[in-house]
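Participant: show me how the following folds:
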Amino acid sequence: MNKSEIIRSKIFSRDALNKKLHLWRFKQQKIVFTNGCFDLLHAGHIHLLSKAAEQGDVMIVGLNTDDSVKKIKGENRPLQDENTRALVLASLFFVNAVVLFSEETPAELIKAISPDVLVKGGDYKPEQIVGADWVTSHGGKVEIIPLVEGHSTTTLEQKIKSEN
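Facilitator: Numbers count the residues shown, from 1 in each chain. Sure thing, here's the model as predicted:
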């Protein structure tokens, strides 16, 4: 497999991810999950994702589809389409799997994956984290990674607009 094929092989449908999950669980690997839009990957994202990946053996990223990003962030988003965003995330060496979800929240995806560790950024409080109750009730834990100040896609978008 060439490098491009390796990257693409890390983008999963839900069914294909389910099969891979069975293998990882058989190998007793600790599954970590986080989710987001990841519209323009920046230093804050890299910090969150790399710290999340340190929490276990397998790092899975749930990625909002274009339609769900529009509902969350507004009509001008996403800036990059879901296939591009998935490819960029899959190119990170510490990300093992990327799976798209179109629902309003990742609750069903979290239930399907049942990660050992659910990770979100420091802009969330534990009671705000979708799926936290599911994960903890199934023996997992929830980790909140502090944000890197001054790094957000919205900030980047505003900077780009102001320079034009």
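
Participant: quick one: contacts of the longest helix seen in the chain?
Facilitator: Ordering each helix of the chain by length in residues (DSSP state H) puts helix 14-26 first. Here helix 14-26 makes contact (Cβ atoms under 8 Å, 6 or more residues apart in numbering) with 12, 31, 57, 58, 60, 97, 99, 109, 112, 113. Where you see a C-beta, it was placed from the backbone N, CA and C, and this is true even at glycine.

Participant: list only those of these flagged as buried.
Facilitator: The neighbour-count test (16 or more other Cβ atoms under 10 Å) applied to these identifies 12, 31, 58, 60, 97, 99, 109, 113 as buried.

Participant: and those residues, which two are furthest apart?
Facilitator: Spanning the widest gap among those are 58 and 109, at 15.0 Å by Cβ to Cβ.

Participant: give me the subset of the contacts of helix 14-26 lying in strands.
Facilitator: 12, 31, 58, 60, 97, 99 (DSSP state E).

Participant: quickly note the distance from residue 135 to residue 108.
Facilitator: Residue 135 sits 13 Å away from residue 108, going by Cβ to Cβ, to the nearest Å.

Participant: name the residue in these two with the higher neighbour count.
Facilitator: residue 135 (21 against 14; other Cβ atoms under 10 Å).

Participant: would you map the strands across this structure?
Facilitator: Under the criterion DSSP E, strands of the chain are mapped to 11-12, 31-36, 58-64, 97-101, 117-121, 141-145.

Participant: include mean pLDDT and distance to residue 131 when you put those into JSON lines, please.
Facilitator: Compiled in JSON lines, the strands of the chain are given as follows (pLDDT from 0 to 100; distance: least, Cβ to Cβ, whole Å):
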{"stretch": "strand 11-12", "mean pLDDT": "98", "distance to residue 131": "18"}
{"stretch": "strand 31-36", "mean pLDDT": "97", "distance to residue 131": "8"}
{"stretch": "strand 58-64", "mean pLDDT": "98", "distance to residue 131": "10"}
{"stretch": "strand 97-101", "mean pLDDT": "98", "distance to residue 131": "11"}
{"stretch": "strand 117-121", "mean pLDDT": "96", "distance to residue 131": "6"}
{"stretch": "strand 141-145", "mean pLDDT": "96", "distance to residue 131": "9"}
